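Participant: return atomic coordinates for the entry below.
(one chain, ligands or ions: 1)
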Amino acid sequence: MNYQFADDFWWGSATSAPQSEGAAARGGKSRNVFDYWYETAPERFHRRVGPAETSTFYDRFRDDIGLLKTLGHNSFRTSLSWSRLIPGGDGEVNPQAVAFYNQLIDGLLAQGIAPFINLYHFDMPWCMQQRGGWESREVVEAYGRYAGICFRLFGDRVTHWFTFNEPIVPVEAGYLNDLHYPCVVDFKRAVTVAYHSLLAHALAVSHYRALGLPGTIGIILNLSPTYPRSDSKEDRQAAHHADLLLNKSFLDPVTKGRYPAALLALLERHGLLPHCQPQDAQLIAAGTVDLLGVNYYQPRRVMAKEGYRPEDPVALPEDLFSYYEMPGRKINPHRGWEIYEKGLYDILMDLKENYGNVPCYISENGMGVEGEEAFIGADGRVADDYRIDFIRDHLQWLHRALQEGSNCKGYHLWTFIDCWSWLNAYKNRYGLVRLELASQRRTIKKSGYWFAETARQNGFD
Ligand code: BGP
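Facilitator: The predicted structure is shown next:
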């Protein structure tokens, strides 16, 4: 069968400023929360390679744009670094950062590659984190001003904007699972962080619209379908709770302008509602997106928590549901994550049927592989047939969703060049291009050539 996509389908890849730029303490940039954390984190978080050691996109972006062209990209997502652009978090703009981002944007456009620009990819300026990070309304206001500055500086040329990447991740990793700074486990604080992130998103959307710029604004969400272990009432309710907390808590307000009543009822029942101000509801209602970015890696397999009773107080989401490993599931042996391609189709159909078929695109999907050097062949290239299979299998389901009326406009792979990662540094490689960290040498992998050909043909057989 021939899998053909629309002529204007977006083919590209995604990365983020903190995972690729490097120059962590150069060009006038101040520290962000990850720079700080790697200097001070307890032993259990040490990864030997910190966020300053990346593919040094800050210095090599011109050559890298050439590589993007070779890879057949017509679009490319990265993020702006708040701590580079406004080192004090609020107020004065760093002219070196403005020059860098201007050159990057103009360089991409000159090659016919549309810049998809995200404002926030987990990298809170450290000075803002010291003021409470997303727990503070002051920080929400400062983010709104940062967003407005970005739109005014670059909004004449950037027409695809995103306010956040995966806002639920800092909530889960930083306030529920003890994985990212500030490493606390506190459901009430987690809800506040999620609520304030949504307000910050809505504030940025309202600033963007007020400027009357010609482009679109959206958000990038990691949507993971929640599948119950069985058809029992308890398992279905557990999956529903996971879906409410981890998907719908952002998906509903950014598409419908309001939280799902069932989520508010759940939070209220357990004394977890955040502190709201009277004008918040109006701001959220006006914060609906033009375009939704969907990151998809793996589903969530959910089962009822033993002994769960709706009337019991809960301290953590784990009190409401738990996860299980589905027997016979397909696994990425090099990373441990489940591979379930149909999940992508299920998300797109859900958006079509329950979210007004909001315009969307796949903003991340990809396969991390540990020990990828073992696959380097005699020609010096990584023969990553497993990644080609992974991408093709997902694209087949995406294609089927399109045939059934999905409003999906593109596919961005995570990622362009192997990049630094929050918890794994360079252990898991995702790139279409291999990076030798010490020499900074870049080599296109077999998947890179396959991707370029697919993009040029707008499809594959
Ligand atoms: C997403 C993030 C990316 C990237 C990716 C891969 O959640 O948006 O920044 O890191 O996951 O995950 P990891 O790096 O943990 O393997």
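
Participant: export stretch 22-39 as PDB, just CAs?
Facilitator: Extracted in PDB, the C-alpha atoms of stretch 22-39 (Å, rounded to 0.1, in the frame of the first residue of the first chain):
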ATOM      1  CA  GLY A  22      24.800  24.500  25.200                       C
ATOM      2  CA  ALA A  23      26.600  27.800  26.000                       C
ATOM      3  CA  ALA A  24      24.900  27.500  29.300                       C
ATOM      4  CA  ALA A  25      26.900  30.400  30.800                       C
ATOM      5  CA  ARG A  26      27.800  32.300  27.600                       C
ATOM      6  CA  GLY A  27      26.100  34.900  25.500                       C
ATOM      7  CA  GLY A  28      24.700  36.700  28.600                       C
ATOM      8  CA  LYS A  29      22.500  33.700  29.600                       C
ATOM      9  CA  SER A  30      21.700  33.200  33.300                       C
ATOM     10  CA  ARG A  31      21.200  29.800  34.900                       C
ATOM     11  CA  ASN A  32      18.000  27.900  34.500                       C
ATOM     12  CA  VAL A  33      16.700  25.400  37.000                       C
ATOM     13  CA  PHE A  34      18.500  22.500  35.300                       C
ATOM     14  CA  ASP A  35      21.800  24.300  35.200                       C
ATOM     15  CA  TYR A  36      21.400  25.000  38.900                       C
ATOM     16  CA  TRP A  37      20.300  21.500  39.700                       C
ATOM     17  CA  TYR A  38      23.200  19.800  38.000                       C
ATOM     18  CA  GLU A  39      25.600  21.900  40.100                       C
END
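
Participant: mind checking how far that stretch is from the chain centre?
Facilitator: Stretch 22-39 sits 20 Å away from the centroid of its parent chain (CA atoms, centre = their mean, to the nearest Å).

Participant: list the buried residues of it.
Facilitator: 22-24, 27-38 (16 or more other CB atoms under 10 Å). (Each C-beta comes from the backbone N, C-alpha and C, glycine too.)

Participant: run through this protein and note the low-pLDDT ranges.
Facilitator: The chain contains residues with pLDDT under 70 at 1, 46-47.

Participant: any idea which residue of this protein lies closest to the ligand?
Facilitator: Residue nearest to the ligand within the chain (CB to the nearest ligand atom): Ser421, separated by 3.1 Å.

Participant: who's that residue bridged to?
Facilitator: Beta-bridge pairing of Ser421 under DSSP bridges involves Ala425.

Participant: ok, it touching Asn428?
Facilitator: Yes: assessed by CB atoms under 8 Å, Ser421 is found in contact with Asn428 at 6.4 Å.

Participant: these two: which has the busier surroundings?
Facilitator: Asn428 (22 against 18; other CB atoms under 10 Å).

Participant: ok, now which ones touch that one?
Facilitator: Counting by CB atoms under 8 Å, 6 or more residues apart in numbering, Asn428 touches His334, Arg335, Gly368, Val369, Glu370, Ser421.

Participant: now the phi/psi pair for it, please.
Facilitator: Per-residue torsions, Asn428: phi -100, psi 120 (degrees, to the nearest 10).

Participant: and if you look at Arg269?
Facilitator: According to degrees, to the nearest 10, Arg269 has phi -60, psi -30.

Participant: go on, the one 10 residues further on?
Facilitator: In terms of degrees, to the nearest 10, the main-chain angles of Gln279 are phi -80, psi -10.

Participant: ok, it - how many residues close by?
Facilitator: For Gln279, using other CB under 10 Å, the count is 9.

Participant: can you give me the distance of it to Leu199?
Facilitator: Look at Gln279 and Leu199: by CB to CB, to the nearest Å, they are 10 Å apart.

Participant: same deal with Pro51?
Facilitator: Distance from Pro51 to Leu199, by CB to CB: 27 Å.

Participant: tell me how many other residues crowd the residue lying closest to Trp10 once chain neighbours are set aside.
Facilitator: Counting by CB to CB, 6 or more residues apart in numbering, Gly410 is the residue found nearest to Trp10 once chain neighbours are left out, at 2.6 Å. Counted by other CB under 10 Å, the residues lying close to Gly410 total 23.

Participant: give the contact list for Gly410.
Facilitator: Residues in contact with Gly410, defined by CB under 8 Å, 6+ apart, are Phe9, Trp10, Trp11, Gly12, Ser75, Tyr361, Ile362.

Participant: and the last one, that's in a strand?
Facilitator: So the one you mean is Ile362. Yes: assignment of Ile362 by DSSP: H, G, I helix; E, B strand; the rest coil places it within a strand.

Participant: that one against Leu292, yeah?
Facilitator: No: assessed by CB under 8 Å, Ile362 is found out of contact with Leu292, at 10.3 Å.

Participant: now do the shared contacts for the two.
Facilitator: If you check Ile362 and Leu292 against CB under 8 Å, 6+ apart, no residue is contacted by both.

Participant: count of residues packed around Tyr146?
Facilitator: For Tyr146, using other CB under 10 Å, the count is 25.

Participant: tell me the spacing between it and Ser30.
Facilitator: Distance from Tyr146 to Ser30, by CB to CB: 13 Å.

Participant: the strands in the stretch 101-250 of the chain, which residues?
Facilitator: 114-118, 160-165, 216-222, 226-228 (DSSP state E, counting those that start in this stretch).

Participant: now those strands in a markdown table, with distance to the ligand and mean neighbour count?
Facilitator: Formatted as a markdown table, these follow (distance: least, CB to the nearest ligand atom, whole Å; neighbours: other CB atoms under 10 Å):
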| stretch | distance to the ligand | mean neighbour count |
| --- | --- | --- |
| strand 114-118 | 10 | 24 |
| strand 160-165 | 5 | 26 |
| strand 216-222 | 6 | 25 |
| strand 226-228 | 17 | 21 |
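
Participant: could you give the angle of the longest helix seen in the chain to strand 160-165?
Facilitator: The helix spanning the most residues in the chain, taking DSSP state H as the definition, is helix 187-211. Orientation check (axes from the mean of the first three to the mean of the last three CA atoms, to 10 degrees): helix 187-211 against strand 160-165 gives 160 degrees.

Participant: tell me what helix 187-211 is packed against?
Facilitator: The contact analysis (3 or more CB pairs under 8 Å, 6 or more residues apart in numbering; DSSP states H and E) places helix 187-211 against helix 137-154, strand 160-165, helix 168-175, strand 216-222, helix 249-256, helix 280-285.

Participant: hmm, back to that, the contacts of Asn428 in helices, which ones?
Facilitator: Short answer: the contacts of Asn428 have none in helices (DSSP H).

Participant: quick one: which of those sit in strands?
Facilitator: Among the contacts of Asn428, DSSP state E puts Val369, Glu370 in strands.

Participant: what is the nearest of the contacts of Asn428 to Thr216?
Facilitator: Nearest to Thr216 among those, counting by CB to CB, is Ser421 at 28.4 Å.

Participant: spit out the contact partners of the closest one.
Facilitator: With CB under 8 Å, 6+ apart, Ser421 has these contacts: Gln19, Gly368, Lys427, Asn428.

Participant: out of the residues you listed, who has the most neighbours?
Facilitator: Going by other CB under 10 Å, Gln19 tops these with 26 neighbours.
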